[in-house]
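*Asks:* Structure of the sequence below:
(one chain, ligands or ions: 2)
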Amino acid sequence: KPVAWGYEGDIGPCNWHKYFPKAGGKRQSPIDIDTSATQYDGSFKPLRIHYDSHMCSSLTNNGHTFCMSVNSDQCNLSGGPLEDKYRLLQFHCHWGSDDTKGSEHTVDGHQYAAELHLVHWNTDKFKSADEAIEKNQGIAVLTAFIKAGKEHRGWNHVLSHFKDIKKVQGTSTVNEDFNPKCLLPENQTDYWTYEGSLTTPPCHESVRFIIFKEVVEVSSEQLAQFRSLCVCSSRKRDTGEDEHLVDNFRPIQPLNGRVVKASFQ
Ligand SMILES: NS(=O)(=O)c1ccc(C(=O)NCc2cccc(O)c2)cc1
Ligand SMILES: [Zn+2]
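*Replies:* Ligands and ions are numbered 1, 2, ... in the order given. Presented below is the predicted three-dimensional model:
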């Protein structure tokens with residue numbers, strides 16, 4: 001029987017380690033990026049992000065976030081700090097109850113309104129995503145910070161399906177011509193990278209994070225649409241209305257001597 005976990009109360013992040021021991025490990029995510037302590041690495045090759053836009057995907061509300069599953073073998077990532085080729089599996093976001101919080105990673109202590117994770121698995125070393133998700137070097141997550149600003153038209157292709165997944169475990173098929181690359185910042189050469197973990201249980205220490213320096217803007221109304229999703233595990237409050245998914249970000253974790261590399265000086 002799967003163990004319930006969440007972002008508040010007894011099942012919140014401070015107690016995850018009780019049922020998910022890796023949550024108390026030495027290379028956990030997210031972390032604060034102290035830009036004065038990052039180390040420039042001039043050996044990185046250019047990142048190669050090749051996504052096609054004819055993939056059919058399905059959007060699900062898994063009770064912790066929305067998740068756009070991608071099932072195209074043409075969406076690949078390699079280069080940069082990566083030794084192998086990785087395939088896009090899904091993307092999702094983390095956000096907060098208002099625009100002042102929501103990202104998982106922070107930069108010099110600054111928290112953004114939301115954070116996009118494009119999750120890829122290592123197809124050179126492993127036979128399936130389920131195998132890769134728990135192995136070192138198994139997962140690479142392209143990460144972009146999101147702040148409130150001008151409207152982002154690309155995000156509307158995803159947000160337009162939210163009405164179908166407001167309820168938990170809701171799923172909607174997305175067939176339109178949509179390329180998730182449009183969700184990334186223009187500058188894809190400047191990024192930080194370090195070795196960490198899944199930021200949700202079971203917190204496997206299998207993730208190489210690649211975090212773009214340039215922040216993506218979406219409108220406050222689009223951010224409000226993220227918050228419109230309903231959470232699964234909670235019982236209805238006495239007023240009977242659904243609780244909304246808010247603050248689905250894990251607090252930052254100890255660096256434990258890890259060095260964050262920078263692709264830029
Ligand atoms: N927030 S994150 O990008 O670090 C992240 C990415 C993927 C997952 C994930 O796939 N969880 C489901 C899962 C966990 C263990 C084994 C599985 O096969 C699937 C969780 C967190
Ligand atoms: Zn995530």
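*Asks:* Run through the helices of this protein in chain order.
*Replies:* Applying DSSP state H to the chain gives helices spanning 16-19, 129-132, 153-159, 220-226.
*Asks:* Packing partners of the third one?
*Replies:* Spelled out, that is helix 153-159. The contact analysis (3 or more C-beta pairs under 8 Å, 6 or more residues apart in numbering; DSSP states H and E) places helix 153-159 against helix 220-226. Bear in mind the C-beta positions are built from the backbone N, C-alpha and C, glycine included.
*Asks:* So which bits of the helix it packs on are buried?
*Replies:* For helix 220-226, a neighbour-count test (16 or more other C-beta atoms under 10 Å) marks 222-223, 225-226 as buried.
*Asks:* any chance of the helices of the chain in a markdown table, plus mean pLDDT and distance to ligand 1?
*Replies:* Shown next, in a markdown table, are those (pLDDT from 0 to 100; distance: least, C-beta to the nearest ligand atom, whole Å):
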| stretch | mean pLDDT | distance to ligand 1 |
| --- | --- | --- |
| helix 16-19 | 97 | 12 |
| helix 129-132 | 98 | 4 |
| helix 153-159 | 95 | 16 |
| helix 220-226 | 95 | 15 |
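*Asks:* for the closest residue to residue 25 other than its chain neighbours, what are its contacts?
*Replies:* Using C-beta to C-beta, 6 or more residues apart in numbering and skipping the chain neighbours, the partner closest in space to residue 25 is residue 205 (5.3 Å). Going by C-beta atoms under 8 Å, 6 or more residues apart in numbering, residue 205 touches 22, 25-28, 136, 195-197.
*Asks:* quick one on the thing from earlier: between the helices of the chain, which one is closest to residue 43.
*Replies:* Closest to residue 43 of the helices of the chain, according to C-beta to C-beta: helix 129-132, at 24.2 Å.
*Asks:* Could you check how far the closest one is from the centre of its chain?
*Replies:* Distance of helix 129-132 from its chain centroid, counting by C-alpha atoms, centre = their mean, to the nearest Å, is 17 Å.
*Asks:* what do you get for stretch 136-144?
*Replies:* Offset of stretch 136-144 from its chain centre (C-alpha atoms, centre = their mean): 9 Å.
*Asks:* For it, buried residues please.
*Replies:* Result for stretch 136-144 [16+ other C-beta under 10 Å]: buried residues 137-144.
*Asks:* likewise stretch 35-54?
*Replies:* Neighbour counts using 16+ other C-beta under 10 Å place 38, 44, 47, 49, 51 of stretch 35-54 among the buried residues.
*Asks:* would you turn these into a markdown table with distance to residue 183?
*Replies:* Below are the buried residues of stretch 35-54 laid out as a markdown table (distance: C-beta to C-beta, whole Å):
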| residue | distance to residue 183 |
| --- | --- |
| 38 | 24 |
| 44 | 22 |
| 47 | 15 |
| 49 | 11 |
| 51 | 10 |
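*Asks:* on that earlier part again, residue 63 is nearest to which of the helices of the chain?
*Replies:* Comparing the helices of the chain by C-beta to C-beta, helix 220-226 comes nearest, at 14.5 Å.
*Asks:* would you put the C-alpha positions of the closest one in PDB?
*Replies:* This file holds the C-alpha atoms of helix 220-226, laid out as PDB (Å, rounded to 0.1, in the frame of the first residue of the first chain):
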ATOM      1  CA  SER A 220       0.200  36.300 -12.700                       C
ATOM      2  CA  GLU A 221      -3.000  34.900 -14.200                       C
ATOM      3  CA  GLN A 222      -1.100  31.900 -15.600                       C
ATOM      4  CA  LEU A 223       0.500  31.300 -12.200                       C
ATOM      5  CA  ALA A 224      -3.000  31.400 -10.700                       C
ATOM      6  CA  GLN A 225      -4.000  28.700 -13.100                       C
ATOM      7  CA  PHE A 226      -1.200  26.400 -11.700                       C
END
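*Asks:* Many thanks, I have nothing further to ask.
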